[in-house]
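J.: turn this into a structure:
(one chain, ligands or ions: 1)
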Amino acid sequence: MNSVTEYYSATQLRSDRWSALRDVTAQLAREAPAKISPTLRSRADELFEQLAEIEAYWAFPGMQDFDHMRRQFSHNSFAELAFAVHRVARALTTGAYRRRHIPLDQAEADDREEHDDEALLSPEMRAMTKPYFEVLIVDEVNDQQERWLKSNVHSMRRHEDSFIYEAVVVPSVEDALIAALFNHNIQAVVVRPGVTLRSRQDHPILGRFLQGIANIDHLDGLEPVDFGPALCRLLDDIRPELDAYLVTERSVEAVAGTDLGNCRRVFYNQEDFVELHLNILRGVQARYRTPFFTALTEYSKQPTGVFHAMPISRGKSITRSHWIQDMGAFYGPNIFLAETSATSGGLDSLLEPNGTIKEAQELAARAFGSKQTFFATNGTSTCNKIVVQALIKPDDIVLVDRDCHKSHHYGLVLAGAQVCYLDSYPLNEYSMYGAVPLREIKKQLLELKAAGKLDRVRMLLLTNCTFDGIVYNVERVMEECLAIKPDLIFLWDEAWFAFARFNPTYRKRTGMRAANKMRARFKTDAHAQAYAAQQELLVDATDEDLLNTRLVASPQARVRVYTTQSTHKTLTSLRQGSMIHVNDSDFKGEVEQAFHEAYMTHTSTSPNYQIIASLDVGRRQVELEGFEFVQRQLEAAMAMRRAISTHPLLMKYFKVLTVADMIPEDYRESGTEMYYDPDRGWVDILDAWQNDEFVLDATRVTLAVGGTGWDGDTFKTKILMDKYGIQINKTSRNSVLFMTNIGTTRSSVAYLIEVLVEIAKSLDDLLDDASKMEKLGFERRVANLTLNYPPLPDFSRFHDAFRDDLDSPEGDIRSAYYLAYDEQSCDYMDLDGTLYNALEDGQEVVSASFIIPYPPGFPILVPGQVISREILAFMRALDVNEIHGYRADLGLRVFTPEALAEVAGKRNRPLRKAVAKPKTKPKSDTKTAAE
Ligand SMILES: Cc1ncc(COP(=O)(O)O)c(C=O)c1O
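T.: From the prediction side, this is the model:
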């Protein structure tokens with residue numbers, strides 16, 4: 001396998017190449033010159049070759065020093081070379097180059113009496129150093145001009161600057177894109193008139209990273225003067241957070257009319273570096289600003305007397321205590337000095353923001369690509385209820401994936417929605433659901449249209465991505481639905497997907513980016529023509545034709561998109577910090593007031609200010625280093641996938657579920673089956689992410705553990721948690737989910753692999769010494785977990801008593817929910833006895849509550865839902881201890897036939913007659929859920 005496919009990420013490749021070069025050059029320095037083997041030499045040569053392709057995109061050590069090292073190598077100055085390479089490798093690892101000049105020769109280093117103790121800097125010391133970044137200058141220049149450009153940049157530095165930066169100079173659009181995708185230190189790009197199109201270097205490694213993410217083939221026909229604006233647009237697409245500055249020789253008028261992507265300012269033909277320098281610093285400062293966090297820190301320093309109902313404020317109730325001093329010692333003083341509330345005055349109010357919280361929310365809107373962003377201090381559970389209440393009136397129809405988070409079901413109950421549940425495709429083998437196929441969504445919409453109810457359909461609510469990592473083709477889903485219902489509102493639950501915004505491939509599948517793209521696209525002539533052409537073709541189309549066609553939305557369709565994100569789940573925020581992002585063309589005109597009321601309904605009047613401050617800081621982080629952190633997270637996850645799926649011992653007992661395991665073939669147009677193929681290396685995922693109906697979020701690694709004989713829950717608690725202190729939060733019957741996050745390091749991945757190997761070894765030992773019967777028992781357990789899986793049941797239907805119209809599936813979940821408040825209307829049935837017999841006799845039995853087994857964690861029954869024999873079979877086969885809504889001592893709470901008859905009577909609805917079905921034998925080997 002060559003180095004291209006061996007590495008998932010170019011950043012990782014770079015740091016590994018420097019470490020390898022350090023080892024090789026150290027060895028060269030140790031050996032007597034006569035004894036140096038040709039292999040060692042050629043290894044060093046090869047590493048220099050590979051690094052030469054990469055180093056041009058980084059400011060440190062810079063091409064000048066790099067070339068110097070190459071010369072040292074060719075002149076056999078191995079001691080000096082080893083010293084320099086050691087310094088570079090170390091500075092790259094510790095990040096010391098961000099804080100100070102790193103001398104690469106011994107004399108200068110001695111002169112400065114430097115010590116390589118950067119890694120030991122205290123957090124306080126680090127916080128005091130000026131943040132460092134790199135500015136990419138794009139211009140075709142010779143070496144002398146490059147030195148001139150860089151020295152100009154250096155001479156601009158002023159003591160009072162808040163940040164320091166170094167310049168990287170590259171000649172072409174292609175090089176600039178590679179640098180932007182690969183060098184995460186870059187925060188600003190200066191595009192100068194000399195920019196060319198193609199790179200002069202041949203890039204077997206980096207070209208791969210560019211392909212598909214930012215293809216520039218369409219630029220081949222452009223005039224050179226248009227390369228600059230085109231580059232700004234491409235940068236906007238791949239790293240929208242960067243500030244671009246365009247230096248042009250064209251007239252103001254010529255440039256003014258063009259789309260300049262993320263260009264913040266145009267400079268005309270000038271070499272005024274002071275202006276440029278000030279703009280660059282201001283651009284970074286605009287992202288660095290944290291209005292609320294700063295206000296809170298300032299507040300904490302002010303002396304105040306507290307005559308307010310919050311004894312913990314200023315730590316007063318703690319410092320004076322004889323019994324809770326340990327709390328003060330544990331948290332330190334600042335957290336209490338910063339404890340305050342809106343009613344104490346001095347700081348903005350979350351419920352009526354018009355100062356620093358408002359500003360912080362506006363900055364978040366910019367960072368996440370929304371039109372409005374609202375902070376929440378009570379998790380996405382609350383965000384979901386707010387959005388649903390703001391948009392749904394009683395009797396509006398909402399289409400929703402049935403395996404969505406419970407907050408949606410409760411939100412829909414409160415709103416009085418008519419709920420139309422959509423079934424996700426099942427993954428029976430692993431007892432988990434996938435996501436809802438687009439065909440299923442379109443089919444429901446067309447059926448509702450045929451029933452004359454399209455005007456009542458208000459919202460489509462889906463989970464993107466799902467807990468297990470299935471990601472929708474968000475833009476396609478929305479466009480095709482809008483083609484049927486042009487004002488449909490979308491709520492994408494992105495509780496697990498806030499980080500996606502900061503990776504160019506992932507971003508394409510987020511609600512906000514898709515909304516912005518659609519807004520822009522719907523206005524184009526090309527779109528109007530595509531729509532008109534399709535309308536002609538579809539004049540006599542049947543529903544089946546519509547299902548089989550990729551539909552184009554009308555240019556007049558409204559783009560109305562909401563996303564809710566648990567910032568605290570995937571980015572830096574204290575627990576419960578979440579955001580609602582809005583991108584709704586009709587928000588101002590139609591929704592704002594209702595949204596405000598809904599926000600008031602669900603938000604505490606004592607919101608936690610620490611959470612709000614952490615959301616503000618979390619936003620700063622992603623705007624400045626989200627790209628880097630998400631990239632590293634992906635690297636860690638990919639390293640984990642690779643290590644587990646290629647380790648011979650691990651392969652005996654475990655399996656990392658691949659894309660093909662989790663997404664059926666029908667939904668994978670690209671044919672991508674896995675991310676890492678042991679024979680071919682890393683598989684190109686870009687095609688899949690561009691086109692497939694569903695893709696798998698690689699940062700979530702689902703491990704099938706059935707081969708160990710332990711079920712997912714036992715593996716999680718008894719093995720991972722109790723024995724090795726490894727925490728995970730999702731299991732299925734025979735799998736566990738390892739989630740990486742932006743804090744995951746390569747060493748934490750290494751630890752996990754070590755633990756898995758140890759577990760596999762201990763299983764090997766156990767089986768070696770096992771008796772025949774013990775082995776048989778193990779095989780049985782494995783077979784039970786990997787072969788005898790209960791099929792996941794579909795949503796059955798709402799009982800007729802809770803339906804207005806038997807020709808369409810939506811149901812009145814709210815009436816059912818409140819009917820269950822009346823004890824007289826409810827009864828209990830046990831799974832194996834009364835309930836089993838009733839279903840066998842063909843009776844309709846209706847659930848009076850939500851029944852949520854953990855795992856899988858979504859309701860398999862909702863109030864008002866008819867209990868099918870498939871659902872009962874599933875429940876009886878489930879071997880989990882935790883089933884919310886189910887009382888082991890009493891059984892399932894159901895409605896009495898009398899209560900159902902009464903409700904049905906009120907709706908003039910006769911009840912269906914019992915029809916006895918052919919008997920099914922109770923499975924003797926399945927455990928009941930209550931056991
Ligand atoms: C899909 C989904 N939505 C919403 C939530 C609720 O988020 P929070 O924990 O921020 O309230 C969760 C929680 O796990 C979830 O999985």
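J.: where's whatever residue of the stretch 151-300 of the chain ends up closest to the ligand relative to residue 338, distance?
T.: Of all residues in the stretch 151-300 of the chain, the one sitting closest to the ligand is residue 292 (19.7 Å; Cβ to the nearest ligand atom). Backbone N, C-alpha and C define where each C-beta goes, glycine included. Plainly put, residue 292 is 11 Å away from residue 338 if you go by Cβ to Cβ, to the nearest Å.
J.: could you do residue 98 as well?
T.: To residue 338, residue 98 is 29 Å away according to Cβ to Cβ.
J.: and the helix ranked longest in the chain, is it in reach of the ligand?
T.: Criterion DSSP state H: the longest helix present in the chain is helix 609-646. No. Helix 609-646 lies apart from the ligand when judged by Cβ under 6 Å from any ligand atom; the minimum separation is 11.2 Å.
J.: quick one: residues in contact with the very next helix or strand once past that helix.
T.: Downstream of helix 609-646, the next assigned helix or strand under DSSP states H and E is helix 648-653. Here helix 648-653 makes contact (Cβ atoms under 8 Å, 6 or more residues apart in numbering) with 643-645, 705, 707-708, 753, 756-757, 759-761, 763-764.
J.: show the buried residues in those.
T.: Among the contacts of helix 648-653, those that count as buried by neighbour count (16 or more other Cβ atoms under 10 Å) are 643, 644, 645, 705, 707, 708, 753, 756, 759, 760, 763.
J.: the last one belongs to a strand?
T.: No. The assignment for residue 763 (DSSP: H, G, I helix; E, B strand; the rest coil) gives helix, which keeps it out of a strand.
J.: how about the contacts made by it?
T.: Contacts of residue 763 by Cβ under 8 Å, 6+ apart are 653, 708, 709.
J.: my read: residue 277 touches residue 155, true?
T.: No. In this structure residue 277 lies outside contact range of residue 155 using Cβ atoms under 8 Å: 9.4 Å.
J.: hmm, back to that, could you dump the buried ones among the contacts of helix 648-653 into a markdown table with pLDDT and distance to residue 569 added?
T.: Compiled in a markdown table, the buried ones among the contacts of helix 648-653 are given as follows (pLDDT from 0 to 100; distance: Cβ to Cβ, whole Å):
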| residue | pLDDT | distance to residue 569 |
| --- | --- | --- |
| 643 | 90 | 25 |
| 644 | 91 | 23 |
| 645 | 88 | 26 |
| 705 | 94 | 23 |
| 707 | 94 | 29 |
| 708 | 95 | 28 |
| 753 | 94 | 24 |
| 756 | 96 | 24 |
| 759 | 95 | 27 |
| 760 | 95 | 30 |
| 763 | 94 | 32 |
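J.: what's the closest of the residues you listed to the ligand?
T.: The closest of the buried ones among the contacts of helix 648-653, once distances to the ligand are taken by Cβ to the nearest ligand atom, is residue 705, at 21.4 Å.
J.: so the closest one makes contact with residue 735?
T.: Yes. Here residue 705 reaches residue 735: they are 6.2 Å apart, a contact under Cβ under 8 Å.
J.: what do the two both touch?
T.: Taking Cβ under 8 Å, 6+ apart as the criterion, residue 705 and residue 735 both touch residue 712.
J.: could you pull out the strands in the stretch 401-550 of the chain for me?
T.: According to DSSP state E, counting those that start in this stretch, the stretch 401-550 of the chain carries its strands in the segments 418-422, 426-427, 432-433, 457-463, 470-472, 489-493.
J.: which elements pack onto the longest one?
T.: Judged by 3 or more Cβ pairs under 8 Å, 6 or more residues apart in numbering; DSSP states H and E, the packing partners of strand 457-463 are helix 379-391, strand 397-401, helix 438-450, helix 474-484, strand 489-493.
J.: then the last one?
T.: With contacts defined as 3+ Cβ pairs under 8 Å, 6+ apart, the packing partners of strand 489-493 are helix 379-391, strand 457-463, helix 474-484, strand 560-565.
J.: out of the contacts of helix 648-653, who's nearest residue 386?
T.: residue 705 (37.9 Å; Cβ to Cβ).
J.: what's the first helix or strand after the lowest-mean-pLDDT helix or strand in the chain?
T.: Lowest by mean pLDDT, DSSP states H and E among the helices and strands of the chain is helix 3-6, with a mean of 47. Counting by DSSP H and E, the next helix or strand C-terminal to helix 3-6 is helix 10-30.
J.: tell me the residues of the stretch 501-650 of the chain that contact the ligand?
T.: By the rule Cβ under 6 Å from any ligand atom, the part of the stretch 501-650 of the chain lying against the ligand is 566, 578.
J.: which strands and helices sit next to the helix or strand encompassing residue 901?
T.: Element membership for residue 901 (DSSP H and E) is helix 897-906. Packing contacts for helix 897-906, counted by 3+ Cβ pairs under 8 Å, 6+ apart, involve helix 813-819.
J.: could you redo the last one with a cut-off of 10 Å?
T.: helix 813-819, strand 826-829, strand 892-895 (3 or more Cβ pairs under 10 Å, 6 or more residues apart in numbering; DSSP states H and E).
J.: which of the ones you listed is buried the deepest?
T.: Burial of those is given as mean neighbour count (mean count of other Cβ atoms under 10 Å); strand 892-895 ranks first at a mean of 24.
J.: quick check: mean pLDDT of it?
T.: Averaged across strand 892-895, the pLDDT comes to 96.
J.: who does it touch, helix- and strand-wise?
T.: If contacts are counted by 3+ Cβ pairs under 10 Å, 6+ apart, strand 892-895 sits against strand 826-829, helix 897-906.
J.: could you measure from residue 540 over to residue 418?
T.: From residue 540 over to residue 418 the distance is 31 Å, taken as Cβ to Cβ.
J.: neighbour-wise, which of these two wins?
T.: residue 418 (27 against 6; other Cβ atoms under 10 Å).
J.: for beta bridges, what are the partners of the more buried one?
T.: Applying DSSP bridges to residue 418 gives these bridge partners: residue 397, residue 812.
J.: of all the residues in this protein, which one is nearest the ligand?
T.: For the chain, Cβ to the nearest ligand atom, closest residue to the ligand: residue 379, 2.5 Å.
J.: you'd agree that residue is up against residue 575?
T.: Yes. The criterion here is Cβ atoms under 10 Å, and residue 379 meets it with residue 575 at 8.0 Å.
J.: identify the contacts common to the two.
T.: Jointly contacting residue 379 and residue 575 under the rule Cβ atoms under 10 Å, 6 or more residues apart in numbering are 566, 568, 569, 611.
J.: contact partners for the third one?
T.: When contacts are counted by Cβ under 10 Å, 6+ apart, residue 569 touches 379-380, 494-499, 575, 577-578, 729, 739, 741.
J.: roughly how far does residue 869 sit from residue 837?
T.: Distance of residue 869 to residue 837, given as Cβ to Cβ: 12 Å.
J.: I meant to write residue 322 there.
T.: Distance from residue 322 to residue 837, by Cβ to Cβ: 63 Å.
J.: nearest residue to the residue nearest the centre of the chain in space, please, no chain neighbours.
T.: For the chain, the residue sitting closest to the mean C-alpha position, by Cα atoms, centre = their mean, is residue 497 at 2.9 Å. Computed as Cβ to Cβ, 6 or more residues apart in numbering, the closest residue to residue 497 that is not its neighbour in sequence is residue 465, at 5.3 Å.
J.: residue 788: neighbour count?
T.: Neighbours of residue 788 (other Cβ under 10 Å): 12.
J.: wait, isn't it in contact with residue 877?
T.: Yes. Counting by Cβ under 10 Å, residue 788 does reach residue 877; the two are 8.2 Å apart.
J.: tell me the contacts of the residue nearest to residue 497?
T.: Going by Cβ under 10 Å, 6+ apart, residue 465 touches 435, 471-472, 492-497, 500, 506, 509-510, 694-697, 699-700.
J.: restricted to helices, list those.
T.: Among these, the ones falling in helices (DSSP H) are residue 506.
J.: how far off centre is the helix or strand harbouring residue 722?
T.: Secondary structure assignment for residue 722, by DSSP H and E: helix 722-724. A distance of 28 Å separates the centroid of the chain from that of helix 722-724, by Cα atoms, centre = their mean, to the nearest Å.
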